[in-house]
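Engineer: show me the folded form of this:
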Amino acid sequence: MNRIFKAVLLSAALVSVVSCMVEESRSSHRTKYALMDYAECSMGSMYLFEPVMAVVLASDADIYLSLSEEDRKDFDIGSLFPEGLRHIDGQSINIPDLASIYSDGTSFGTAGAHWTVHLQPGSLGNWYAPYWNYYNFSSGYSNVSMELECLGEGLWTVTERQSDNNSGTMEDADITVRLEDSQDGVKTFAVNASGSFVEDDGLYAGCSTSDDGVMVTYSLRTLSPLSGTFHVSFFKDGRQVDFCDVTYTPDGAVFDVSIDED
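Structural biologist: A predicted model of the protein is given here:
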């Protein structure tokens, strides 16, 4: 299935899985398209798109927070945050119904800076296509809190923590986001990521990007993956039960999956 992405972010909540999914591909909604949605939307959201969104929001917040009080009076807030903003304190802001961004008082692009981005539940639906749970096609939302550390100019590590409404845990996450290019309002990022998500019932989903990462562009509240491969392998009771490779192109996503049936 090819898919062109108009908006690429949502909060990544996963719902409980059912024990009978391993043996029969047609049971419990375990289908090819459900597998593709889980790999791309749930795992991809956690490991690719939410981290990029956090970097974008923190970068924009840094522009505003670096202004003097006098300059802020004449600044067009809507140019960065169409949703508006509220001050939490002198170093932190809230974007209504979207995110709260906390700085450490250091510019976001300075090596060693530590910022926190807290995405609000359900806030990312407008940035991404609808998603369905792997098994029962029911969507879920959670608070997502991410710690961002600048490693140098245009490079950040992202540690993502799911704070509620989850049926599992991210483990061994290793995520870096690098700003590759920025011109005419379009930013291009390279995301390198690996890690896993372990469901409460024992399903283990491990993921990794291709060596060059996944290239993602941002413009006007829209994230679009352009190139790279995102691989997800699924394990249950110590054995692999499924896989899904998502290869991104400028024309959409191409899938290689372990399930033939629709």
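Engineer: where exactly do the strands run in the stretch 51-200 of the chain?
Structural biologist: Along the stretch 51-200 of the chain, the stretches classed as strands by DSSP state E, counting those that start in this stretch are 86-89, 92-95, 99-102, 114-119, 144-152, 155-162, 168-183, 186-199.
Engineer: how about TSV for those, with distance to residue 37, mean neighbour count and mean pLDDT added?
Structural biologist: C-betas here are computed from N, CA, C, even on glycine. Output for these, formatted as TSV (distance: least, C-beta to C-beta, whole Å; neighbours: other C-beta atoms under 10 Å; pLDDT from 0 to 100):
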stretch	distance to residue 37	mean neighbour count	mean pLDDT
strand 86-89	34	10	93
strand 92-95	27	20	94
strand 99-102	24	22	95
strand 114-119	20	22	94
strand 144-152	18	19	94
strand 155-162	18	19	88
strand 168-183	16	16	92
strand 186-199	14	20	94
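Engineer: neighbours of the nearest residue to residue 107 once chain neighbours are set aside, how many?
Structural biologist: Spatial nearest neighbour of residue 107, chain neighbours left out: residue 62 (5.9 Å); criterion: C-beta to C-beta, 6 or more residues apart in numbering. Residue 62 is flanked by 18 other residues according to other C-beta atoms under 10 Å.
Engineer: does residue 62 touch residue 105 like I think?
Structural biologist: No. Using C-beta atoms under 8 Å as the test, residue 62 is too far from residue 105 to be in contact (11.2 Å).
Engineer: could I get the phi/psi values of the residue positioned nearest the centre of the chain?
Structural biologist: Central residue of the chain (C-alpha atoms, centre = their mean): residue 50, 2.3 Å from the mean position. Here is the backbone geometry of residue 50 (degrees, to the nearest 10): phi -60, psi -40.
Engineer: tell me where the stretch 1-150 of the chain has helices.
Structural biologist: In the stretch 1-150 of the chain, the helices defined using DSSP state H, counting those that start in this stretch lie at 32-37, 44, 50-65, 69-73.
Engineer: okay, the ones you listed in CSV with mean pLDDT and distance to residue 172 next?
Structural biologist: Output for the helices of the stretch 1-150 of the chain, formatted as CSV (pLDDT from 0 to 100; distance: least, C-beta to C-beta, whole Å):
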stretch, mean pLDDT, distance to residue 172
helix 32-37, 85, 22
helix 44, 90, 17
helix 50-65, 94, 15
helix 69-73, 91, 41
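Engineer: which of the ones you listed sits closest to residue 84?
Structural biologist: Distance to residue 84, taken as C-beta to C-beta, is lowest for helix 50-65 among the helices of the stretch 1-150 of the chain, at 11.7 Å.
Engineer: flag every buried residue along that closest one.
Structural biologist: 50-62, 64-65 (16 or more other C-beta atoms under 10 Å).
Engineer: the most far-flung residue of the chain relative to its centre and residue 207, how far apart?
Structural biologist: Distance from the centre of the chain peaks at residue 70, with 35.1 Å (C-alpha atoms, centre = their mean). As judged by C-beta to C-beta, to the nearest Å, residue 70 and residue 207 stand 47 Å apart.
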